[in-house]
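Novice: quick one, structure for this:
(chains A and B)
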Amino acid sequence: MKNKEIADIFYEIADLLEIKDVKFKPIAYRRAAHIVESLTEDLADIEKRGELEEIPGVGTHIAAKIRELLTTGKLAYFDRLKSEIPPGVLELAELEGIGPKKAMILNRELGVASMETLEKAASAGKIRDLAGFGEKSEKNILLSIAAKKSAKGRVLLGDILPVAEKIRDELAALPATRQIGLAGSIRRMKETIGDVDILASSPEPERLIAAFTSLPEVSRVLGKGPTRSSVVLASGVQVDLRVVEEDQYWTALQYFTGSKDHNIALRRRALEHDWSLSEYGFKDLNTGKNLAVSSESDIYRMLGLPFIEPELRENRGEIEAAEKGTLPAVVPYDSVRGDLHVHTTWSDGDDTIPDMIAAAQKLGYRYIAICDHARSPEIDRGLMEEKIVKQHQEIDRLNKNLDGFTVLSGIECNITTEGTLDLPDQILKDFDIVIASLHSKLKMHGDEQTKRVLDAMHNDHVDILGHPTGRILLQREPAALDLPAVFEAAKSLGIVLEINGYPNRLDLADTDCMKAREYGVRFSIGSDAHATRDLYNMTLGVATARRGWIDERSVVNTFEIEELRKVIGS
DNA sequence: GCCGTTTTCGGCCCGACTGTTTTCAGTCG
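Specialist: Residues are numbered from 1 along each chain as shown, chains lettered A, B, ... in the order given. All right, here's what the predicted structure looks like:
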């Protein structure tokens, strides 16, 4: 049984215990689940060494449950819990405004066990008579059900980030606004976003909130108070605005950036100093006085820690690493010198090579690698061999007239089901850079899939493994690869692993980056641009690398062209 | 159920908003 499956069971146990109104255990299970999920080693291996109990958050009882799951694949305690909770109650508790308590009351009093039966009961006016409910809650339940039905759930960071930035900028322009910034998961640059958090300070919070709720993008106002408001956009995305006093902005920004687990860990730490940390600041519990803070760095410094970048705040060991001074200096957004994965009209791109050069120069890049697709059964706009010669002639011609900028001739090859590439070696040798990528048969069995990728990596001409797992966010699971074997091979063969910045790929994923970096491999961040506007995907790729704890020297496209050429042997 | 340079027992992050109440529970983030 894999770590992820065990973590999921612990998460569900936490939910079930919460429904049963058991105190504190849900926190313990959730904490254990979170830590298990972010381990870089298999629980089975840790168990073999008898070191389960040394995992933070895992004590005698949870360790025993991990052992039971590893050996039998089942957990009696989990099965018993499930049998004690009426089916459907968990589903009810997922509705906005319904928690464990109300879900249980609805089930007990009305026999409601699904969204459908709840909708019927609400429509029939049966809910308003229950103790603790009223007409308003009945109406809100119907609204929540409608919202749930139409909700797309999480959205891609790349889709929502520009929208959020626009709203932020609109509010920033108001006279009532002092400081303003994005917070929450969007500031941490998580690959998908549930809702958007915006934090502001203002001497006139009500005025700011009134402006916010009447923005043209807003389709429904969920709540509106003197310090916070929630709205839903026409796209179905929820946006929360909090307004605080100016001197509370930094602690509030830290607080609302999260993650929740990161904050809980920080607050624990604050309590060790007899301080209470909240969005309103530090409070000395002995004197009752507030401690001044004038930046986010101040908060970390007071807790004896260096500043922790928002992208790292996931409670994946960043606090411990910060404490030990082993936190990596993650790759800066402005350190990228070029883009190594760019398509053009030569294959399935929308813009020409000169267009892409001009756009790249605007971004301050020193080079780009044109990596159009090779012709494959899967890619019908890919390049035939005779066109490759012509493309190289164009690139040579363009390079002669460029000063301080280099166009590298590259190709994105498809890895065939047999683990070969779709171009012969005598052609591959003429490229500066060769990316090998999976585009088809992503559901192959794990052993076969891994062999296929490893075989391709053994081709001497391959420089980069493109979007290594082939996942499509919210759509397609990653291929069942033995990633440790791939990382090992990348290290020994000198193959660079791509962090693909295309909004629905972000592949390698942040957590895979964290694992890969332990092997000492190198990465390239590529936009996979199919048009000039896509070059901005680089930001998403860098964000993913940062979330994966990758430093600048591990990313080859932060190198100047001479050093890059040495790495890719061109 | 976990954890301990103030604890092996007694804590476990903390505040806003809503809708139900007539002082507060539940939910959310």
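Novice: tell me, how many residues neighbour the closest residue to residue A:518 other than its chain neighbours?
Specialist: Closest residue to residue A:518 apart from its sequence neighbours, by Cβ to Cβ, 6 or more residues apart in numbering: residue A:40 at 6.3 Å. The C-beta positions use only the backbone N, C-alpha and C, and glycine is treated the same way. The number of residues packed around residue A:40, counting by other Cβ atoms under 10 Å, is 14.
Novice: wait, residue A:40 touches residue A:515, no?
Specialist: Yes. With contacts defined as Cβ atoms under 8 Å, residue A:40 counts as touching residue A:515 at a distance of 5.0 Å.
Novice: now do the residue nearest to residue A:518 against residue A:484, distance only.
Specialist: Between residue A:40 and residue A:484 the computed distance is 9 Å (Cβ to Cβ, to the nearest Å).
Novice: swap in residue A:27?
Specialist: 32 Å.
Novice: residues contacting residue A:559?
Specialist: By Cβ atoms under 8 Å, 6 or more residues apart in numbering, the contact list for residue A:559 reads A:337, A:567.
Novice: and residue A:338, by the same measure?
Specialist: Applying Cβ under 8 Å, 6+ apart, the residues near residue A:338 are A:360, A:365, A:366, A:367, A:368, A:369, A:406, A:557, A:561, A:564.
Novice: out of these, which are inside helices?
Specialist: By the criterion of DSSP state H, membership of the contacts of residue A:338 in helices covers A:360, A:561, A:564.
Novice: list just the nearest of those residues to DNA strand B.
Specialist: residue A:360 (37.8 Å; Cβ to the nearest atom of the strand).
Novice: you'd agree the closest one is up against residue A:368?
Specialist: Yes. Using Cβ under 8 Å, residue A:360 is in contact with residue A:368, at 4.7 Å.
Novice: give me the common contacts of these two.
Specialist: Residues touching both residue A:360 and residue A:368 (Cβ under 8 Å, 6+ apart): A:338, A:339, A:342.
Novice: look up which residues are beta-bridged to the last one.
Specialist: Taking DSSP bridges as the rule, residue A:342 bridges to residue A:370, residue A:529.
Novice: same thing with the first one?
Specialist: With DSSP bridges applied, the residues forming beta bridges to residue A:338 are residue A:367.
Novice: measure it to residue A:527 for me?
Specialist: From residue A:338 to residue A:527 the distance is 10 Å (Cβ to Cβ).
Novice: DNA strand B: which of the shared contacts of residue A:360 and residue A:368 is nearest?
Specialist: residue A:339 (34.8 Å).
Novice: any regions of the stretch 401-550 of chain A where pLDDT drops low?
Specialist: For the stretch 401-550 of chain A, no stretch has pLDDT under 70.
Novice: can you give me the helices for it?
Specialist: A:425-428, A:446-457, A:483-493, A:510-517, A:537-547 (DSSP state H, counting those that start in this stretch).
Novice: out of those helices, which is the most enclosed?
Specialist: helix A:537-547 (a mean of 25; mean count of other Cβ atoms under 10 Å).
Novice: residues contacting that one, please?
Specialist: A:157-158, A:161, A:188-191, A:309, A:311-312, A:314, A:330-331, A:333, A:336, A:339, A:363, A:499-503, A:506, A:508-510, A:513, A:523, A:525-529, A:555.
Novice: relative to helix A:510-517, how tilted is it?
Specialist: Calculated by axes from the mean of the first three to the mean of the last three Cα atoms, to 10 degrees, helix A:537-547 forms an angle of 60 degrees with helix A:510-517.
Novice: how far does helix A:537-547 sit from its chain's centre?
Specialist: 10 Å (Cα atoms, centre = their mean, to the nearest Å).
Novice: over to stretch A:253-263?
Specialist: 15 Å.
Novice: what about that stretch, near DNA strand B?
Specialist: Yes. Stretch A:253-263 reaches DNA strand B (Cβ under 7 Å from any atom of the strand) through A:256, A:260, A:263.
Novice: just give me the neighbour total for the second one.
Specialist: Read that as residue A:260. 12.
Novice: likewise for the first one?
Specialist: Neighbour count for residue A:256, taken as other Cβ under 10 Å: 20.
Novice: same thing with residue A:301?
Specialist: Residue A:301, neighbours per other Cβ under 10 Å, totals 13.
Novice: and if you look at residue A:401?
Specialist: 7.
Novice: can you list contacts of stretch A:426-439?
Specialist: A:340-341, A:369, A:371, A:376, A:378-379, A:385, A:388, A:392, A:408-415, A:421, A:452-453, A:456-457, A:459, A:461-468, A:470, A:479, A:498, A:526, A:565, A:568, A:570.
Novice: next: stretch A:287-298.
Specialist: So stretch A:287-298 is contacted by A:247, A:250-251, A:253-254, A:275, A:280-284, A:299, A:302, A:307 (Cβ under 8 Å, 6+ apart).
Novice: if you set the cut-off to 10 Å instead, what comes out?
Specialist: The contact list for stretch A:287-298, computed with Cβ atoms under 10 Å, 6 or more residues apart in numbering, reads A:247-251, A:253-254, A:257, A:273-277, A:280-284, A:299, A:301-302, A:305-308, A:310.
Novice: among the residues you listed, which ones are buried?
Specialist: Restricting the contacts of stretch A:287-298 to buried positions leaves A:248-251, A:253-254, A:257, A:275-277, A:281-283, A:299, A:302, A:305, A:308, A:310, with burial counted as 16 or more other Cβ atoms under 10 Å.
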